[in-house]
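In: Can you look at this prediction? I've put the sequence above it.
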Amino acid sequence: MQTKYQPMLARSSGPFTDKDWIFEVKWDGTRAVSYINQKSTFINRRGVNITDRYPELQIEENVTAPCVLDGEIVVLVEGKPSFPDLQRREHIEDPFKIQILSTQLPAVYIVFDILRCDSRDLTQTPLLTRKRILQQTVSESERVLICPYVQEKGEDYFKAVTDSGFEGIMAKKKDSFYYPGKRSGSWLKIKKTLTADCVIGGFTQGEGVREPTFGALVLGVGCPLELVGKVGSGFTDDDLIHISALLTQIETDENPFSTPVPYDTIHFVRPEYVCEVKYQQMTHDKKLRAPVFLRMRYDKTPAECIQ
Amino acid sequence: MRSIWKGTIAFGLVNIPVNLHTATRDDSVRFHNVCPTHHVPLQYKKWCPEGHEEIDYKDMEKGYEVGKNYVIIDQKELDALELESTHTIDIEKFVDSSDIPILAYDSFYFLSPGRGGEKAYALLHEVLTLTGRVGIGKVVLRSKEYLVALKNYQKGIILVTLRYSDEIVNIDEALPDNMPGISEKELDLARTLIEKMEGDLNLSQYQDRYREKVEELVQKKLRGEAIIAEEVKETEKTKDILAALEKSIEAR
């Protein structure tokens, strides 16, 4: 299939109720556009072909026609997506270990959109029509689940969904088109905790037990990179070792931020890695208040980190 | 493919932005030392055999061994010696590839064109291929300066770090002082034998047999567990949860 599609992106919002919108669970996994023909090819949001990482997701049997689908690859534990378990699948290259993990921690592709069906482009087709075509084209199995949605009642659904342990919901406008690669106002993400994807622009020297690794990560968003603060908590021992190994390889003397950075003992790095933090609020001078590190987001590019 | 370094190839007045990627990987079997009870990897403690005590990270010092004596060197002194990376691969000259002894080849990396450098990269690739020449230059990677060779490889260019000459052992050290002479007849015979055994190299025909055996063993040990994992119908559970959620808001 020749046409490549970038996944459509969402803005952030709070919960709301509106009859022109539908709401679905927000899945905590790896976003992937799939090209299903004789075989299934999965491309992540960085444009990397990740098919070989998920040999169990050869899902040609699940479709009635060649198609391009949009969805989220998740690992389900107790019926909920487990991001740590998915991460165990993400960074393995050894085919033997991939094979073993594909049976131990099998992935599920949660499909929520169809962009092309039988060589017909559907991006200019309204969302609810696409949802109908999706239902007709894709059948569910242990490996494929079509994401259900509810109409209008966004606030109720948000409460029910987050109470049962999911991270939030997506709101999508019923008559909206699919805008590949665009962050459009017709898709909104509504999350329980405030989180932000930030570019790592440096780290501060660690002290005590953290001396061999780092103290805090210095974070920014946007282009040019604006400093939004530093995060020094939420790291596991593995995170500390792993991240510091990554960062020392890309140390630079050049300050990647648009302004001077007021922290002592800072080591700048080239702005290549993205991490996700949760925080209480944005202060009026656009800094993160009480940020806590959640995880590295290798699937996101620095260009995606915007305010 | 994620790059591990970004920089520019510089020669004459030409600059080509490039990214560096790993080109080989070590797939050999690796085992971890784990605790017999908890099955977690063991941690290593820094132990002083003289003082019989554990040493903290921040108290450790660097020692350079000279005949079992250690010259203590401060980390700051070492840091001062580190070379600053200019992010440039400075090409000094182009040599014939046969000039580079095979033992000098150390590690291999792919170079890909950086943004805006596609045309110049393609041109350099083409000219390296046509002339069979190899660019020799220097680059600072991770604070250390490397002598490198840039060589065409299939559709792209590879960077090979080269060993310094004092790292290559002279083969004379391994050979007897006097090698016996060879007669014309013996040579003909050997040549015939080799011609009979001629073939094409297809690397994919060869596998690491030890690795295969270990993988088989691991697979056997896992078989019980894997089946249990597969039998859990996680997707069904998820569907039940989603259906219940939907129902709960209809009721409101």
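Out: Here it is on my side, so go on. Values in this document were obtained by computation on a predicted structure and should not be read as measured data. Numbering: from 1, shown residues only, chains lettered A, B, ... in the order given.
In: okay, CA-based contacts and neighbour counts for the rest of this
Out: Will do.
In: need the contact list for the residue of chain A found nearest chain B.
Out: Relative to chain B, the nearest point of chain A is A:G79 (4.1 Å; CA to the nearest CA). Counting by CA atoms under 8 Å, 6 or more residues apart in numbering or on different chains, A:G79 touches B:E234, B:T235, B:E236, B:K237, B:T238, B:K239, B:I241.
In: Tell me the secondary structure of the closest residue to it other than its chain neighbours, please.
Out: Leaving aside its sequence neighbours, A:G79 sits nearest to B:T238 (CA to CA, 6 or more residues apart in numbering or on different chains; 4.1 Å). Three-state assignment for B:T238 (DSSP: H, G, I helix; E, B strand; the rest coil): helix.
In: How about the residues of the stretch 101-250 of chain A by chain B?
Out: Residues of the stretch 101-250 of chain A that fall close to chain B, judged by CA under 8 Å from any CA of the partner chain: A:103-106, A:108, A:141-143, A:145, A:148, A:150, A:153, A:156-157, A:160-161, A:208-209, A:211-212, A:249-250.
In: So among those, which ones count as buried?
Out: Buried members of these, counted by 16 or more other CA atoms under 10 Å in any protein chain shown: A:103-106, A:108, A:143, A:145, A:148, A:150, A:153, A:156-157, A:160-161, A:250.
In: Can you tell me which of the residues of the stretch 101-250 of chain A next to chain B end up in strands?
Out: A:V108, A:L145, A:V150 (DSSP state E).
In: And the helices in the chain?
Out: As the question left the chain open, I've gone with chain A. Secondary structure of chain A (DSSP state H): helices at A:83-90, A:95-104, A:127-137, A:154-163, A:237-248.
In: my question was about chain B
Out: Using DSSP H, helices in chain B cover B:75-81, B:118-131, B:184-196, B:209-231, B:234-250.
In: tell me the average confidence for the last one?
Out: For helix B:234-250, mean pLDDT is 90.
In: ok so, going back, taking the contacts of A:G79, please make a ChimeraX selection of just the buried ones.
Out: In ChimeraX, a selection of the buried entries from those looks like this (16+ other CA under 10 Å):
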select /B:234,235,237,238,239,241
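In: Quick check: the farthest pair among the contacts of A:G79?
Out: Spatial extent of these (CA to CA) is set by the pair B:E234 and B:I241 at 10.7 Å.
In: just to revisit the earlier point, residue contacts, the residue nearest to A:G79?
Out: Applying CA under 8 Å, 6+ apart, the residues contacting B:T238 are A:L76, A:E78, A:G79, A:K80.
In: Test of understanding: give the bridge partners of the closest residue to B:K45 other than its chain neighbours.
Out: Nearest residue to B:K45, sequence neighbours excluded (CA to CA, 6+ apart): B:E54, at 6.7 Å. As for beta bridges, B:E54 partners with B:W47 under DSSP bridges.
In: Touching, B:E54 and B:Y44? I think so.
Out: No. B:E54 lies out of contact with B:Y44 (CA atoms under 8 Å); the separation is 10.4 Å.
In: what residues does chain B put near chain A?
Out: Chain B comes close to chain A at residues B:1, B:4-5, B:27, B:57-58, B:142, B:215, B:219, B:225-227, B:229-230, B:233-239, B:241-242, B:245-246, B:248-249, as judged by CA under 8 Å from any CA.
In: Counting neighbours, which of those residues end up buried?
Out: Among these, those scoring as buried are B:5, B:142, B:219, B:226, B:234-235, B:237-239, B:241-242, B:245-246, B:249 (criterion: 16+ other CA under 10 Å).
In: if I look at B:Q75, how far off is chain A?
Out: Going from B:Q75 to chain A by CA to the nearest CA, to the nearest Å gives 13 Å.
In: returning to what we had before: let me know the distance separating the residue of chain A closest to chain B from B:W5.
Out: Using CA to CA, to the nearest Å, A:G79 is found at 41 Å from B:W5.
In: Tell me the spatial nearest neighbour of A:G29, not counting adjacent residues.
Out: Using CA to CA, 6+ apart, the nearest residue to A:G29 is A:V74, at 4.7 Å.
In: my guess is that neighbour contacts A:L105, does it?
Out: No. Using CA under 8 Å, A:V74 makes no contact with A:L105, being 9.8 Å away.
In: Comparing the helices of chain A, which comes out most buried?
Out: By mean neighbour count, with neighbours taken as mean count of other CA atoms under 10 Å in any protein chain shown, helix A:154-163 ranks first of those at a mean of 20.
In: from the buried ones among the residues of the stretch 101-250 of chain A next to chain B, which two are the most distant?
Out: Top of the distance list for these (CA to CA): A:K153 and A:I250, 46.9 Å.
In: Where does the record place the domain boundaries for chain A?
Out: Using automatic domain parsing, the domain ranges for chain A come out as A:9-191, A:195-304.
In: give me every residue that touches the closest residue to A:L128 other than its chain neighbours.
Out: Using CA to CA, 6+ apart and skipping the chain neighbours, the partner closest in space to A:L128 is A:K174 (5.7 Å). Going by CA under 8 Å, 6+ apart, A:K174 touches A:D20, A:W21, A:I22, A:P126, A:L127, A:L128.
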